[in-house]
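[1] From the sequence below, what's the structure:
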Amino acid sequence: MTCCGYGGPPYNYDFSKGCQSKDVAACDDGSKFVSWDGVHLTEAANAVVARAILSSQYSKPSLKFDQFCRA
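    Numbering: from 1, shown residues only. Now for the predicted structure:
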């Protein structure tokens, strides 16, 4: 389901209703959702994707991306 949406389950998404619409409400906790508005991913979803990429299990040959992320 989308965090900011309209229409209820299963997706809480209606392409004719944007997040700026008066009858659309945003969720209280965006970290529990994958999609913000049916188009854009939430920070939680981006974290899942980043972890998968940085794990190097999806690259051939295996590349260690973590060396680029050291603080």
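[2] ok, which stretches of this structure are strands?
    Secondary structure of the chain, counting by DSSP state E: strands at 4-5, 25-26.
[3] The last one pairs with which strands?
    So that's strand 25-26. Strand pairing for strand 25-26, determined by DSSP bridges: strand 4-5 (antiparallel).
[4] Give me the distance between the partner strand and the centre of its chain.
    Centroid separation for strand 4-5 versus its chain: 13 Å, with Cα atoms, centre = their mean, to the nearest Å.
[5] Any figure for the gap between residue 51 and residue 57?
    Using Cβ to Cβ, to the nearest Å, one obtains 10 Å as the distance from residue 51 to residue 57. No exception for glycine: its C-beta is placed from N, CA and C like everyone else's.
[6] First residue to last residue on stretch 27-34, what's the distance there?
    Using Cα to Cα, to the nearest Å, the end-to-end distance of stretch 27-34 comes out at 12 Å.
[7] Pull out the buried residues from that stretch.
    By 16 or more other Cβ atoms under 10 Å, the buried positions in stretch 27-34 come out as 27, 30, 33.
[8] Export the residues you listed to CSV and append columns for pLDDT.
    What follows is these, written out as CSV (pLDDT from 0 to 100):
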residue, pLDDT
27, 88
30, 87
33, 91
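[9] winner for burial among the strands of the chain?
    The densest packing among those, expressed as mean neighbour count by mean count of other Cβ atoms under 10 Å, is seen in strand 4-5 with a mean of 23.
[10] so what's residue 44 scoring on pLDDT?
    The confidence metric pLDDT takes the value 92 at residue 44.
[11] in the chain, which ranges drop under the pLDDT threshold?
    Across the chain, residues meeting the criterion (pLDDT under 70) sit at 66, 70-71.
[12] ok, 90 please
    For the chain, residues meeting the criterion pLDDT under 90 lie at 1, 4-27, 30-31, 37-39, 50-71.
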